[in-house]
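Novice: A structural model of the following input is requested.
(3 chains)
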Amino acid sequence: MAEVKTAKFKKASSQAVSDPKLQNTLEHVMGHFIEARAGAIEEFGDESWDQMRERASSIKKHALENLDYYLDLIDRTIQKNGGHVHFAKDTQEANRIVLDIAKKAEAKRVIKSKSMVSEEMGLNKALEKAGIEPVETDLGEYIIQLADEPPFHIIAPAMHKTKQEVSELFQDWLRTAPTQDIKQLCIIARDALREKFSTADIGVSGANFVVAETGTVVLVTNEGNGRMTTSTPKIHIAVSGIEKVLPAIEDVGLFLRLLPRSATGQRITSYNTFVSGPKFSTDEDGPEEFHLIMVDNGRLNLMRDPEFREALKCIRCGACLNTCPIYRKVGGHSYGWVYPGPIGAVITPVLTNIKQSKDLPYASTLCGACRDVCPVKIDIPKLLLKLRHMAVEGDSSQRSVSWIERLMIGQWRKTVSTRSSIERATNLARFLQVVVTKKGIIRNLPLPLISGWTKSRDFPALAPKSFAQLWQEKFSEETDG
Amino acid sequence: MVEKETKTDKSDFLQLVREAIGRKTPLLYAPDYPPLKSNYTRQQEKVRTITAKNLARKSKILDQLIENASFAGWNVHRVSDHESAAEKIGEIAASVKAKLAVRTTETILKSVNVDGALRSKKVTPVVLASGRYRSKSDLKEVAFKADLGISGVSFAIAETASCVLIPRKGVARLTSLAPPVFVAIVQADQVLENLDDYFAMVRLQFQKTRGRYPNYTNFVSGPSRTADIEQTLTIGVHGPGIVHMVLVG
Amino acid sequence: MCVTCLVDQFFPEVGIATVNSLRKAGVDVDFPSDQTCCGQIAFNGGFQSEAKKIAERFLDIFEGESYVVVPSGSCASMIKVYYLELFQDDPVLLERAQKLSERTHELSEFLVNVAGHQNIDASYHAKVTYHDACHLLRELGISDEPRELMKSVEGLELSEMQDSDRCCGFGGLFSVKYPEISKAILEEKLRNIESSGADILVANDCGCLMHIRGAMSRQGMKQEAMHIAQLLSPDADRS
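Specialist: Residues are numbered from 1 along each chain as shown, chains lettered A, B, ... in the order given. Model prediction:
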């Protein structure tokens, strides 16, 4: 499995917010995504867009509640179509299945179109270890593969790279001349990858949806590399999370309306590819072998809990990232694993390690913007709250909240449990705050845990009299008399 | 390395899924899901209604296709007959200074004399087909070398400006993918109003053939594009950056 | 009326303004003097058992028939929305929470929809910009009511800022745990306030106000941050 660095969230995120170049890029790109999305859903109107989301959410719910049936149907249908379906409990097993296929075919080169599950698997590393060359062909993925970095964003993996940095990568790896012309950079990548497309033995793709009824893998792409990956090599392997299932082929229309609009703000992407098996013998070209690997890798942990099950509805559009005030500042790498942003903060802990990822659920203001844009209506704030609850009151594998926090909250609870205790406490504080107060504000509050606040913000001093006291003095006699 | 490692058996895997859902045993019947319930006759009826609807709204749907396709980056050329279609394609080939063009062999390409039009512009037309070459990589080589790809479509969808391409004998995948310029010939009666119309037809076809439905289909809904560098829209990465839709009728 | 703990201890003037604006709308206001806090901070931190204890206490204090009016979007959300979640496994408390939820209103929404007081007789001569507090907007769906109220204030000019619905980065515990991220978010908000050209930032949540005001005063900005109630009460206009 790809390395999990979620424990470093605090450090990584504070580095990210103090990187002005990154902040600039984030603001620019995120703004672009948000605007594009808003423009693309406008034609429907709020009400009908909301109905579409509701329908999509209930389709996903149904698919998940009957997932065993639909997985079986996928297997039977694809077999009938001449393909093979594999089931992998974890990434290790998924990698092994790919390697077995590769070994049998004596493959030397694998081309890949974008797949988040293969990122989970750390498939590139596994292939390299086996002496097989993996080549990412999505432009963004290709760039970050050259840079040896994980994706920064679910749908825009290299959004943090400037054209200059891309040019430098191409100079280093492809010996091309420096250029600031983005079109030229695309041509360089196109030419470099053409050679890979014509010589690769295996194409590995992800799956945006897997339709049970017809056994069809649906790919949603823009560049054409997805079509290349599923056309030029003699073997095509699609890897998918088990949650990507849609029951019926007639469900696809709705999801093709929701996904690109939520993701890139497009009415539809340039290409949609539907694969149900290998080429027919009479076809002119196309892979002779087709494999679909359905990967669990912790998803059943989400499935087991009816609330977390919601998170499996996710169609990986990235809209929650773009709208999240936190993601917009800390960027994708801070989250420390494959899936960043609000949905990442929910699923990463459960898919990897809850305790190690303890900082993620707290990296949210619970503002709810993610829930509003989610095309399948996942209540992300609710799930973040659930994870926080587990951090406080869960079992030993989940508890992560420090004793000092527990102590403070316990103390707070006692204080607010009676009016007299809160009066006592605040009167004491009123007496003490004189030391740090100037003109009703506190510029530096030297208390554990909260001193960071006053580094950039003033804290208000307690008012000379509480409202309760003022009420007594000012209003109560009016009401009484 | 140990060759035989344990492989998760399907039934074990499904049992784990079941347990996670909170069920002990497999379902005895297919889940109650309306889109899966409609039988062949009912689906046939549904598609008949769709076809009638699209026929009645034909001119509106064509207008919608033209508008959406132009918005999506297609160069749309509406022509009245096969001769003008061929002529148009010749002009396109000349305008991009093509030397080699690859094409498919759908029925429409028997009516539209593409080869003649191309030759008159000094462009060599080649049918991209596996039989003509010694090996598969030669087909790829020709496709990658071609300046222009020409193909008919199985359907077009007005809502999304999509051409639906289904590879088969005489219709190579790479025709519409490898060359930098692609021309799709769409006949007016192939145009559906929306995605749902299309998927209803797919389902009917699937039922009709008992699952022997094409294993591979593509929607092409505009030029190949990327915004992966600095969110700047750039046309033409791995697929054709210039796409033409010749709408006949 | 539930004034919320922040108003009670830090911003009593908001409480007074709330009472005044309610009375002006002809509402008979009472202040159960035992009230302290709704428990939101514990709930958001994951301390559900602690939050439950406080919430139960809240149910006792606000038992009865009268409306509960809260001058804060997030506290109102806690009571109206999250109490139901907190007590979902306890039918007796859940029923009480449901009743409370129905009786509870955020101030601006109460004034407009319950008291029918769209045309408030107040004047305040200033250019203001409005920040949509997250919970008010997304948990309670309230965005028109405060704007309606502000538009009816004589002399008040509402100049909408860009992204008024984007979070200010407070998030209670969040701003304490991640002060740097919170600050980065806040700065965007301050820029938007600045470029709206308004003199006063208005919000319906003292959490956001405390946060925004704290940065305004630290950076020496000339703008002020005020609660909507402060614009609505009779003696509000000082100009």
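Novice: Now for the closest residue to chain B within chain A: which residues touch it?
Specialist: The nearest approach of chain A to chain B comes at A:Gly224, 2.6 Å away (Cβ to the nearest Cβ). C-betas here are computed from N, CA, C, even on glycine. Neighbouring residues of A:Gly224 by Cβ atoms under 8 Å, 6 or more residues apart in numbering or on different chains: A:270-271, B:177, B:224, B:237-240.
Novice: Which parts of the stretch 351-481 of chain A are strands?
Specialist: Ranges of strands within the stretch 351-481 of chain A are A:437-438, A:441-442, A:459-460, based on DSSP state E, counting those that start in this stretch.
Novice: now chain C
Specialist: C:68-70, C:104-106, C:123-130, C:154-158, C:200-203, C:224-227 (DSSP state E).
Novice: where does the chain dip in pLDDT?
Specialist: Assuming you mean chain A. A:448-449, A:476-481 (pLDDT under 70).
Novice: switch to chain C, that's the one I care about
Specialist: C:118-119, C:234-239.
Novice: try it again with 80
Specialist: In the predicted model of chain C, residues C:117-120, C:233-239 satisfy pLDDT under 80.
Novice: Tell me who's in contact with the residue nearest the centre of it.
Specialist: Against the mean C-alpha coordinate of chain C, by Cα atoms, centre = their mean, the closest residue is C:Ser72 at 2.0 Å. Going by Cβ under 8 Å, 6+ apart, C:Ser72 touches C:4, C:6-7, C:106, C:133, C:204-207.
Novice: rewinding a little: from the strands of the stretch 351-481 of chain A, which stretch is densest packed?
Specialist: Most buried of the strands of the stretch 351-481 of chain A by mean neighbour count (mean count of other Cβ atoms under 10 Å in any protein chain shown) is strand A:459-460; its value is a mean of 20.
Novice: who in the stretch 101-250 of chain A is up against chain B?
Specialist: By Cβ under 8 Å from any Cβ of the partner chain, the residues of the stretch 101-250 of chain A that approach chain B are A:137-140, A:143, A:156-159, A:161-163, A:166, A:182-183, A:185-186, A:189-190, A:193-194, A:197-198, A:213-214, A:222-225, A:227-228, A:230-232, A:234, A:242, A:247-250.
Novice: repeat that for 7 Å
Specialist: A:137, A:139-140, A:156, A:158-159, A:162-163, A:166, A:182-183, A:185-186, A:190, A:193-194, A:198, A:213-214, A:222-225, A:227-228, A:231-232, A:247-250 (Cβ under 7 Å from any Cβ of the partner chain).
Novice: Just to be sure, which of the residues you listed are found in strands?
Specialist: Going by DSSP E, the strands hold none of those.
Novice: returning to that earlier point: and the least confident of the contacts of A:Gly224?
Specialist: Ranked by pLDDT, the contacts of A:Gly224 bottom out at B:Val237 (92).
Novice: Tell me, how many residues neighbour that residue?
Specialist: Using other Cβ atoms under 10 Å in any protein chain shown, B:Val237 has 25 neighbouring residues.
Novice: any idea how far it lies from A:Met228?
Specialist: Distance, B:Val237 to A:Met228, by Cβ to Cβ, to the nearest Å: 10 Å.
Novice: likewise B:Leu128?
Specialist: Relative to A:Met228, and taking Cβ to Cβ, B:Leu128 is found at 15 Å.
Novice: same thing with C:Gly26?
Specialist: The gap separating C:Gly26 from A:Met228 is 72 Å, by Cβ to Cβ.
Novice: Residue of chain B nearest chain A, please.
Specialist: For chain B, Cβ to the nearest Cβ, closest residue to chain A: B:Gly239, 2.6 Å.
Novice: these two touch, right, that residue and B:Ser224?
Specialist: Yes. Using Cβ atoms under 7 Å, B:Gly239 is in contact with B:Ser224, at 3.2 Å.
Novice: Now for chain B: which helix has the highest residue count?
Specialist: helix B:40-56 (DSSP state H).
Novice: Report all helices and strands that that one contacts.
Specialist: helix B:195-208 (3 or more Cβ pairs under 7 Å, 6 or more residues apart in numbering or on different chains; DSSP states H and E).
Novice: quick one: the helix it packs on to helix B:40-56, angle?
Specialist: Relative orientation of helix B:195-208 and helix B:40-56, computed by axes from the mean of the first three to the mean of the last three Cα atoms, to 10 degrees: 140 degrees.
Novice: hey, C-alpha coordinates of the very next helix or strand once past helix B:195-208 in CSV?
Specialist: Remark: after helix B:195-208, the chain's next helix or strand is strand B:216-220, criterion DSSP states H and E. Extracted in CSV, the C-alpha atoms of strand B:216-220 (Å, rounded to 0.1, in the frame of the first residue of the first chain):
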residue,chain,number,x,y,z
TYR,B,216,-16.2,-1.4,-26.3
THR,B,217,-17.8,1.9,-27.0
ASN,B,218,-16.6,5.5,-26.9
PHE,B,219,-18.3,8.8,-26.7
VAL,B,220,-16.3,11.5,-28.4
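Novice: Outline the domain layout of the chain.
Specialist: Just going to use chain A. Per automatic domain parsing, the structural domains of chain A span A:14-300, A:403-480.
Novice: meant chain C, my bad for not saying
Specialist: Split by automatic domain parsing, chain C gives C:5-112, C:119-232.
Novice: ok so, going back, B:Leu128 and A:Met228: who's more crowded?
Specialist: The neighbour count for B:Leu128 versus A:Met228, taken as other Cβ under 10 Å, is higher for B:Leu128 (30 against 27).
Novice: follow-up on the earlier one: are any of the residues of the stretch 101-250 of chain A next to chain B buried, and which?
Specialist: Burial by neighbour count, 16 or more other Cβ atoms under 10 Å in any protein chain shown: within those this picks out A:137, A:139-140, A:156, A:158-159, A:163, A:166, A:182, A:185-186, A:190, A:193-194, A:198, A:213-214, A:222-225, A:227-228, A:231-232, A:247-250.
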